[in-house]
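Colleague: Fold the following and give me the result.
(chains A and B)
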Amino acid sequence: MKVAPFHYHAPASKQEALDLLAHYEPEDARILAGGQSLIPMMAFRLARPGHLIDINRIPGLHGIDLRGDAIYIGAIARHAAFEKPIEPGPTGRLLADVAAAIGHAPIRSRGTFCGSLANADPASEWCMTATALGARMRIEKSGALRELEASEFFFGIMTTALEADEMLTGLTLPRLPADARHGFYETSRRAGDFALGAALAIYRLQDGRMQDARIVLAGAEPHPRRLADAEACLNGEVPSDAAFRAAAEAAANAIDPLTDGQVDAGLRCDIARAVCHRALLRSLA
Amino acid sequence: MKQPYHLQVNGRDCAVEAEPRKILADVLREDCGLTGTHIGCEHGVCGACTILLDGKPVRSCLVFGIQAQGADIRTVEGLADGDELHPLQQAFMEHHALQCGFCTPGFLMLGAALWESGAKPTEAELQALLSSNLCRCTGYGNIQKAIASALDARDQAPKRSGEGAP
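Modeller: Predicted coordinates for the structure are as follows:
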């Protein structure tokens, strides 16, 4: 279908974009970043924004800044920017593993990291990743800036803490320590489809034992969250299939499973258990 | 309301007057007269409308035409040099990589992105890339063979004249 009419704005600065958002917010103004989620929703007329504020021409929003303790990701950093590790440490490798599972190459050359978070699809790989890494969101509106932890940002299916006049202008990802291991596993019916389930597991290996375990699933619940019960099965343990199976079982028991026409609650829990177990196995590779 | 703007398609200027809501695929077909770019699903799933935007493959149904101002747009019409087929097109013929031809421009532009990047994908990487687009008649094996053989030829032969020109 063809999208409904809208007014198009292409601001040249972030300030101009935020001012436009504040001004047109009553007429359903939306930020247009990569558009790989928003434009399909507009094509189905599930979204009919009155104004689109295209931020693609704003200098300074494209960058990924590796200089600080945390990695800074600007609002227009594309998925494809993460396909090769952005840094040699474990964080760069983790992001590259996850990026490869996002849609297809033409989607990754256009879609953005921050756009995925602002859109907050339950199956989003980056929402899961941001939650696992403890991302700090930079949220701006005209004249104000606030920051939120990933754990405070996601509210539900495609629902976040962002107000209608606010824009996710970037975020920071704390770097993983050098002894961090990770495993990522995703399953879908066809290559590039939305995940039926995905898992990201991270832990530190200290004196042969797992510490600071983090387990987050995608596609399992309305929004991603750390699964403390599953993480507790790993902390202090030696990596083993028994420990991984226990964590996967705890993850499957902990979730409030999403259901749809393809996947009922029982199957979703089975998928959650399987992807969690396989992600943990990959942490050994 | 229609707005005037210009696009650079296959190295040529194209004057457009269209509503901002018009997707790039429709602008290319209806306003630039370049109907080689095909439109299948109109929501980013089938890949038939894949083009190159500043050298990168994108779905032209998931970009508005007005957003592509100033970008280097490449479509399937830009591949052949007059009557001389692009090596990718020649390889598609030789390997029977098309039947009805509907998906072909999208696959060719996916292949063109690889061709121009100089990348040498493994078989698995090529399969992963091609999983982006749908074909409903010949299947994917011959498309994969065609692109792989064209890339092999690229890496063995000197560049033909005009190669890489927009």
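
Colleague: Helix, strand or coil: sort out the most centrally placed residue in chain B for me.
Modeller: Using Cα atoms, centre = their mean, the residue of chain B that lies closest to the mean C-alpha position is residue B:109, 2.5 Å off. With DSSP: H, G, I helix; E, B strand; the rest coil as the basis, residue B:109 sits in helix.

Colleague: Could you do the one 4 residues further on as well?
Modeller: The three-state label given to residue B:113 by three-state DSSP is helix.

Colleague: Distance check, it against residue A:146.
Modeller: Separation of residue B:113 from residue A:146 (Cβ to Cβ, to the nearest Å): 40 Å. (C-beta placed from N, C-alpha, C; glycine too.)

Colleague: can you check residue A:73 too?
Modeller: Here the distance between residue A:73 and residue A:146 works out to 17 Å (Cβ to Cβ).

Colleague: ok, now residue B:147?
Modeller: Taken as Cβ to Cβ, the span from residue B:147 to residue A:146 is 48 Å.

Colleague: ok, these two, which is more surrounded?
Modeller: residue B:147 (26 against 12; other Cβ atoms under 10 Å in any protein chain shown).

Colleague: which helices and strands does the strand or helix carrying that one pack with?
Modeller: In this structure, residue B:147 sits in helix B:141-156 according to DSSP states H and E. Using 3 or more Cβ pairs under 8 Å, 6 or more residues apart in numbering or on different chains; DSSP states H and E, the elements in contact with helix B:141-156 are helix B:87-94, helix B:104-117, helix B:123-130.

Colleague: roughly how far is it from the heart of the chain?
Modeller: Relative to the centre of its chain, helix B:141-156 is centred 16 Å away, using Cα atoms, centre = their mean, to the nearest Å.

Colleague: List the buried residues of it.
Modeller: For helix B:141-156, burial by neighbour count (16 or more other Cβ atoms under 10 Å in any protein chain shown) applies to B:142, B:143, B:144, B:145, B:146, B:147, B:148, B:149, B:150, B:151, B:154.

Colleague: Test my guess that the second one contacts residue B:101.
Modeller: No: counting by Cβ atoms under 8 Å, residue B:143 sits too far from residue B:101 to count as a contact (12.0 Å).

Colleague: for the residue nearest to the centre of chain B, what are its contacts?
Modeller: Applying Cβ atoms under 8 Å, 6 or more residues apart in numbering or on different chains, we find residue B:109 in contact with B:50, B:51, B:52, B:57, B:74, B:75, B:76.

Colleague: which non-adjacent residue is nearest it?
Modeller: residue B:50 (4.7 Å; Cβ to Cβ, 6 or more residues apart in numbering or on different chains).

Colleague: what are the bridge partners for the one you found, then?
Modeller: Beta bridges link residue B:50 to residue B:59, judged by DSSP bridges.

Colleague: Could you measure from it over to residue A:190?
Modeller: For residue B:50, the distance to residue A:190 equals 17 Å [Cβ to Cβ].

Colleague: okay, now residue A:151: neighbour count?
Modeller: Neighbour tally, residue A:151, other Cβ under 10 Å: 13.

Colleague: tell me the SS of the nearest residue to residue B:131 once chain neighbours are set aside?
Modeller: Nearest non-adjacent residue to residue B:131, counting by Cβ to Cβ, 6+ apart: residue A:191, 3.7 Å away. State at residue A:191, reduced to three classes by three-state DSSP: coil.

Colleague: Can you mark which positions in the longest helix anywhere in chain A are buried?
Modeller: If each helix of chain A is counted by residues according to DSSP state H, the longest one is helix A:265-282. Judged by neighbour count (16+ other Cβ under 10 Å), helix A:265-282 contains these buried residues: A:268-269, A:271-282.

Colleague: which strands and helices sit next to that helix?
Modeller: Judged by 3+ Cβ pairs under 8 Å, 6+ apart, helix A:265-282 is in contact with strand A:180-187, strand A:197-206, strand A:209-218, helix A:241-254.
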